[in-house]
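**Q** Provided below for reference: sequence and predicted model.
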Amino acid sequence: MSRPATPRRRLALLLAVIAAVALIGVASAQAGGASRSASLELGFGGAVVADAWNPFRLVLRDVGPVTFELAIDRGTLRDGERWSVYRADLPGGSGLSVVEDEVFVPVWRSLSWTVRSGGLTIASGSVARTQADRRPLDIIVGEPGPVVRGSVMGGRSVDLAADRLPLRSAAYDGVGRVIVATPSARPQALLAAAVGGAEVVLTPSALANAELSAIVPAGGGERLVGVGRIVSLDVWRPTADTAVRVDQAALLSAFAAAERISLPRPAPVLPLLVAASGYALVVLLVLRFAGVPGVTAALVLALGASLAVWTPLRPERPTIDTSRDLVIGAEGIGQRWRLHERVTLPAQTLVLDVAGWPLSNVEARLGPASVAVDLPRWRHLTVVERPRTAALPLLQQADGSWRNQGAVPLTVVVIRGGDHVDDVPADALVPSPSRDPRPLPSVALALLDLVPEGAAVASDGSHWFVALPSAVLAEAVP
Amino acid sequence: MSDLVARLDARFRDGDAVQVATLVMAALVVTLATVWPTPGQGANESWYPFAQGRSVFLALLALGYGASAAAESPRRAVVTGIMVFVIALVTIPFEVAASAATYPATPLWWSLVSIPLAATGYLVAGVGLGRLARALRIGGMLPILVPATLAGLLFADLQLGWTVFNPLTSALNVSPWFVVSMSTLSLVGLVTAAIAWRGSVPLEVRT
């Protein structure tokens, strides 16, 4: 039998309800605060291009030092998990802190991120595996109108505010086009996009800005910049991606595969067998017939033999390393790809103080300026450094000839479908072909297969250059 | 001292000493030639199997000689121990060759220290095993007990996940516990040998 509710019980019930509501309110406020204290935008507007360098923008609000971690599993069912973890310790602080950087994102099986502060996870998220898309991204800035928008609808496109365009060329590694329909875009960002390989299209509303109109030729038209180009809408025709873009990834793969460091060759077994047998025979003879002096002689012989075999059989260094540069571009500017090659003989952890990505499918610990990989013995590793804008010494003249406008002589210049010239002095026109040219290096042969007709492949001895002809991109436009 | 030299001289002229030294040398030369990479192979990993093979082989040899030395006179047992130690030392160049070409992460000094130490330690363990077998009147079973003891120690180490007695795993990685165990055994052996040497009859008196 239920008792009737007394005023005291009603008061207690009311207080309990108020307390519960207050607790739920505080909890939800804390949860909401946590989600707002840190947010991440990976890629452009959240669109990530797989197998390319992608920008990220981490926004922190009123949080102390944080650790940002981006974990990518690119394993397979056969090989199991292969984690690469990008980790950055960030200072944070009161007010708004914005951190922008680029990270290479492969085709992933799992991609997740966390932001931790003082042992507490204040934000986290993940990107679904189904969003791993290699297709280049089209970025639309402003409102270009239905016709232009419709012309890029076949691919992947994302709308972006003008002030969110990064200023570093590496961020545009996975970008196909940047269509600008607002005068507020920064010209530096558009130049960076073109150097990175994107086709930048400026609509009349963008060209209303004098700074933007200055980056296209007077009276409109197009301008080649690096691997990409900047073009005004009146001459732009949407083309297939493959026709416009030079495949930098293919060039890089060919460059990495050519002239790799070779592992030290093992000594032939037959001389070793003869030497070992001879040593054993001499030791046995002195032990058998010389008694105690023979024992002493055998020990001295062992010491001498150890010293004698050490030097010829020992490779010079435990780690063999080289760095090579490939600059791809046009009109005196390009994108520099630096490859760091390491061969380690003993098992060890290789640490490179660069922002990079290992070409082979190994687990890696990455940072804003570091790559660390645990390598087994006798293993080869190539790390691609984040691309940067660099000067390109080869420049095609109006009459189609090439000029070395750099301060360093070029040791070889070869034009696809054209001449092969050795030794071009600094700041000089590329002369007529050599009468008795040296054989082409394997790197030049590998690159020549992948560049368009009329492009030049050159080297100054320490860097390789791929200079695209002025006509190639224009010809690609139907 | 002159007795030690005379006994050592005589011991190395014994037929079994040369036979065993020949067997060890031949086995190691064949092992080295077998594990050495052909020119087509990229990596030289010859040191890993060679070091393990040499370590186990010498440990077995020392254990066996130690077990048989328990039945010998103390002075002969001492020179037998020296003989085994010398055989271990003269095989070092093979290991140096394999280590130089392989470039393992394990330092060379570890090979130079651990394998002679293991030979000495197992020699002393063999003497203990031989005496125990004689005390239990199962000396005839020593040919079985020697490899069984080595296998048992190896199995125990592997099961427990440590490297205290195991010559197989100790050859590849620096293990302080292995040094401690083998040094202790060697020290016990040295002290026992010194005591036994003083308490026994010199060669010329006996003859």
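**A** All right, it came through fine. Bear in mind that the values here come from a model prediction, so they are computed numbers and not experimental data.

**Q** all strands of the stretch 301-450 of chain A, in order?
**A** Assigned by DSSP state E, counting those that start in this stretch, the strands in the stretch 301-450 of chain A fall at A:319-330, A:333-344, A:348-352, A:356-358, A:364-367, A:370-375, A:379-385, A:388-391, A:394-396, A:402-404, A:410-415, A:420-424, A:428-429.

**Q** for the residue located most distally from the centre of chain B, phi and psi?
**A** Distance from the C-alpha centroid of chain B, by Cα atoms, centre = their mean, peaks at B:Gly40 (35.0 Å). Backbone geometry at B:Gly40, expressed as degrees, to the nearest 10, gives phi -70, psi -30.

**Q** swap in the one 5 residues further on?
**A** With angles defined as degrees, to the nearest 10, B:Glu45 sits at phi -120, psi 30.

**Q** how near is it to A:Gln396?
**A** From B:Glu45 across to A:Gln396, the span is 51 Å (Cβ to Cβ, to the nearest Å). Any C-beta I mention is one placed from the backbone N, CA and C, and that applies to glycine too.

**Q** more neighbours, those two?
**A** Neighbour count, other Cβ atoms under 10 Å in any protein chain shown: between B:Glu45 and A:Gln396, A:Gln396 has more, with 24 against 20.

**Q** Who's the closest spatial neighbour of that one, skipping the chain neighbours?
**A** A:Ser470 (5.1 Å; Cβ to Cβ, 6 or more residues apart in numbering or on different chains).

**Q** Over to B:Gly64?
**A** Nearest to B:Gly64 is B:Val146, by Cβ to Cβ, 6+ apart, at 4.7 Å.

**Q** ok, now how distant is the residue nearest to A:Gln396 from chain B?
**A** To chain B, A:Ser470 is 44 Å away according to Cβ to the nearest Cβ, to the nearest Å.

**Q** same check, this time on A:Ala250
**A** Distance of A:Ala250 to chain B, given as Cβ to the nearest Cβ: 26 Å.

**Q** Could I get the contacting residues of A:Leu212?
**A** A:Val180, A:Pro183, A:Ala185, A:Pro187, A:Leu190, A:Leu202, A:Ala206 (Cβ atoms under 8 Å, 6 or more residues apart in numbering or on different chains).

**Q** Reformat these as TSV; add distance to chain B.
**A** Below are the contacts of A:Leu212 laid out as TSV (distance: Cβ to the nearest Cβ, whole Å):
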residue	distance to chain B
A:Val180	51
A:Pro183	58
A:Ala185	51
A:Pro187	50
A:Leu190	47
A:Leu202	52
A:Ala206	55
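
**Q** Just the ones in helices from these, please.
**A** A:Pro187, A:Leu190, A:Ala206 (DSSP state H).

**Q** from what I can see the residue nearest to A:Gln396 touches A:Gly329, true?
**A** No. Counting by Cβ atoms under 8 Å, A:Ser470 stays clear of A:Gly329, with 11.9 Å between them.

**Q** These two: which has the busier surroundings?
**A** A:Gly329 (29 against 18).

**Q** wait, that one sits on A:Gly196?
**A** No. Counting by Cβ under 8 Å, A:Gly329 stays clear of A:Gly196, with 10.2 Å between them.

**Q** shared neighbours of the two, anything?
**A** A:Gly226, A:Val227, A:Gln335.

**Q** how about the helix or strand where B:Ser183 lies as CSV, C-alpha atoms only?
**A** Element membership for B:Ser183, per DSSP states H and E: helix B:176-199. The C-alpha trace of helix B:176-199 is given here as CSV (Å, rounded to 0.1, in the frame of the first residue of the first chain):
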residue,chain,number,x,y,z
PRO,B,176,74.5,-10.2,-18.9
TRP,B,177,72.9,-13.2,-17.2
PHE,B,178,74.7,-15.5,-19.5
VAL,B,179,78.0,-13.8,-18.6
VAL,B,180,77.2,-14.2,-14.9
SER,B,181,76.3,-17.9,-15.1
MET,B,182,79.2,-18.8,-17.3
SER,B,183,81.7,-16.7,-15.4
THR,B,184,80.5,-18.3,-12.1
LEU,B,185,81.0,-21.7,-13.5
SER,B,186,84.4,-20.8,-15.0
LEU,B,187,85.5,-19.3,-11.7
VAL,B,188,84.4,-22.4,-9.8
GLY,B,189,86.3,-24.5,-12.3
LEU,B,190,89.4,-22.4,-12.0
VAL,B,191,89.5,-22.5,-8.2
THR,B,192,88.7,-26.3,-8.2
ALA,B,193,91.4,-26.9,-10.8
ALA,B,194,94.0,-24.9,-8.9
ILE,B,195,93.2,-26.8,-5.7
ALA,B,196,93.2,-30.1,-7.5
TRP,B,197,96.5,-29.3,-9.3
ARG,B,198,98.3,-28.6,-6.0
GLY,B,199,96.9,-31.7,-4.3
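
**Q** elements contacting that helix?
**A** On a contact count with 3 or more Cβ pairs under 8 Å, 6 or more residues apart in numbering or on different chains; DSSP states H and E, helix B:176-199 meets helix B:74-90, helix B:108-135.

**Q** Out of these, flag the one nearest A:Ser253.
**A** helix B:108-135 (39.0 Å; Cβ to Cβ).

**Q** Flag the helix or strand of chain A with the lowest per-element mean pLDDT.
**A** One helix or strand of chain A scores below all others by mean pLDDT, DSSP states H and E: helix A:241-244, with a mean of 43.

**Q** Measure how far the helix or strand following that helix is from the centre of its chain, please.
**A** Once helix A:241-244 ends, the next helix or strand along the chain (criterion: DSSP H and E) is helix A:248-257. Centroid displacement of helix A:248-257 relative to its chain, using Cα atoms, centre = their mean, to the nearest Å, is 12 Å.

**Q** Show residues contacting helix A:248-257.
**A** Where contact means Cβ under 8 Å, 6+ apart, the residues beyond helix A:248-257 that reach it are A:51, A:173, A:197, A:227, A:324, A:326, A:328, A:335, A:337, A:339, A:341, A:359, A:382, A:384, A:443, A:446-447, A:449-451, A:464, A:466.

**Q** can we see that at 10 Å?
**A** A:51-52, A:134, A:173, A:196-197, A:227, A:247, A:324-326, A:328-329, A:334-335, A:337, A:339, A:341, A:359, A:382, A:384, A:387, A:442-443, A:445-451, A:457, A:464, A:466 (Cβ atoms under 10 Å, 6 or more residues apart in numbering or on different chains).
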